[in-house]
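Novice: following is a predicted model, sequence given first.
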Amino acid sequence: MALHPWRCTGDWGLVERHLDNAERCLEWIDRYGDRDGDGFQEYETRSPIGYANQSWKDSGDAVVYPDGSLVKGPKALCELQGYVFDAWSRTAEIYDALGKAERAEALRKKAQLLFERFNEVFWDEDTGFYAYCLDGDKQKVLTVASNPGHCLWSGIVPKERAQRVVSRLLQRDMWSGWGIRTLSAQNPAYNPLSYQNGAVWPHDNGIIAMGFKRYGFAEEAARVARAVTDAGSYFALYRMPELYAGIEREDTNFPVQYPDANVPQAWAAGSIFTLLDALLGFDPDAPGGKLYIDPVLPDWLPDLLLTDLRLGKQVFDLRFWRDGGETRFEVQKGDRHAVEQRRLAADPHPASR
């Protein structure tokens, strides 16, 4: 689900042009991202005017303890570990394809070690959820927030724990009815009209929905897709705003746009494609000439036609439709033998491949 562009394009020139840059990024992760050598990524500004938070939740008040107070740094956020796990795993795939098995295996071993250490340190068995982060004293911050949903997307969650993570994100304090909130409504810092302490972000929900799909929770992914797209229908010209309020959905209300939200905004617009991916389960392999799919259409979307879908040099028109409880598909344009249905959830942990 987390893909290299070359898996979509089959463009080896892209790999050749940017592999050195990718290696420099991996070097940065080891040298600067892991500040103290404990194997985890931490951040802390060294500037009196620098950002206190340097994850996607970058507002100064976004990372809080369960009592609502600000977390002291350096901070090791849970999703950052997943991003690094994904980077090492996917770059290993590139080196496999290039025939550089030794480098691929070294990266895969690093990913596996991070997988094991992350799940040992960040998991909280009592709550069945991951810590939001480790604080400056290396203590788990057990604040309930949307961030562990990104860990599903990256594949750093073991299959046996995924159900508990999914269920926690859909409990009423996190689920607004218009999407998953950034912060639990039970936290004292919660405010549905805050920037990142209770509002709903479409891009955040799109990534989480892809994580749900990755682990086989197609119904839950569709629930998120329905909520966010329903919200989008209320905004001018159907343009998805950067974020909107995490107010409770009721029959008589509507989603409220955050006052200073960017509209249009690339993240928000891109959420439509991640939500679509969460329904159809694309797994492109352009170098191998294959497009793997795992479509599960919900009852509110019984028929769907995609046109001009590109895989490398191939172009497809694909139709999907519900047939009873099953989702069928046909290739209306393009090589029908290049499109194959298979379950995404068979192996959500890429470092084990």
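Specialist: Thanks, I have it. Numbering: from 1, shown residues only.

Novice: assumed L304 was part of a strand.
Specialist: Yes. Counting by DSSP: H, G, I helix; E, B strand; the rest coil, L304 is part of a strand.

Novice: how many residues are close by it?
Specialist: Look at L304: counted by other Cβ atoms under 10 Å, it has 17 neighbours. Every C-beta, even on glycine, is put in place using the N, C-alpha and C of the backbone.

Novice: and it, what pLDDT?
Specialist: Listed pLDDT for L304 reads 98.

Novice: please apply the same query to W6.
Specialist: W6 is assigned 83 on the pLDDT scale.

Novice: swap in the one 3 residues further on?
Specialist: You'll see T9 listed with a pLDDT of 92.

Novice: quick one: contacts for A92?
Specialist: Going by Cβ atoms under 8 Å, 6 or more residues apart in numbering, A92 touches 103-105, 107-108, 111, 351.

Novice: state the distance from the residue nearest the centre of the chain to T274.
Specialist: By Cα atoms, centre = their mean, the chain has its centre lying nearest to I207, at 3.0 Å. To T274, I207 is 6 Å away according to Cβ to Cβ, to the nearest Å.

Novice: go on, G68?
Specialist: According to Cβ to Cβ, G68 stands 30 Å off from T274.

Novice: neighbour-wise, which of these two wins?
Specialist: Comparing G68 with T274 by other Cβ under 10 Å, the one with more neighbours is T274, at 22 against 14.

Novice: give me the contact list for the helix or strand hosting that one.
Specialist: If you go by DSSP states H and E, T274 is part of helix 266-280. With Cβ under 8 Å, 6+ apart as the test, helix 266-280 has contacts from 1, 201-203, 205-207, 209-210, 212-213, 218, 221-222, 224-225, 228-229, 232, 239-243, 262, 293-298, 301, 304, 306, 320.

Novice: give the contact list for A185.
Specialist: A185 is in contact with 172-174, 192, 198, 246, counting by Cβ under 8 Å, 6+ apart.

Novice: er, V331 I mean
Specialist: Neighbour list for V331: 316-318, 339 [criterion: Cβ under 8 Å, 6+ apart].

Novice: can you count the residues close to the closest residue to F282 other than its chain neighbours?
Specialist: Distances taken as Cβ to Cβ, 6 or more residues apart in numbering place I293 nearest to F282, at 6.0 Å, with adjacent residues excluded. I293: 18 surrounding residues under other Cβ under 10 Å.

Novice: these two touch, right, I293 and G281?
Specialist: Yes. With contact defined as Cβ atoms under 8 Å, I293 reaches G281; the gap is 5.7 Å.

Novice: in three-state terms, label K109 for me.
Specialist: Strictly by three-state DSSP, K109 counts as helix.

Novice: burial count for it?
Specialist: Neighbour number of K109 under other Cβ under 10 Å is 13.

Novice: relative to E23, how far out is it?
Specialist: 17 Å.

Novice: swap in P188?
Specialist: The gap separating P188 from E23 is 44 Å, by Cβ to Cβ.
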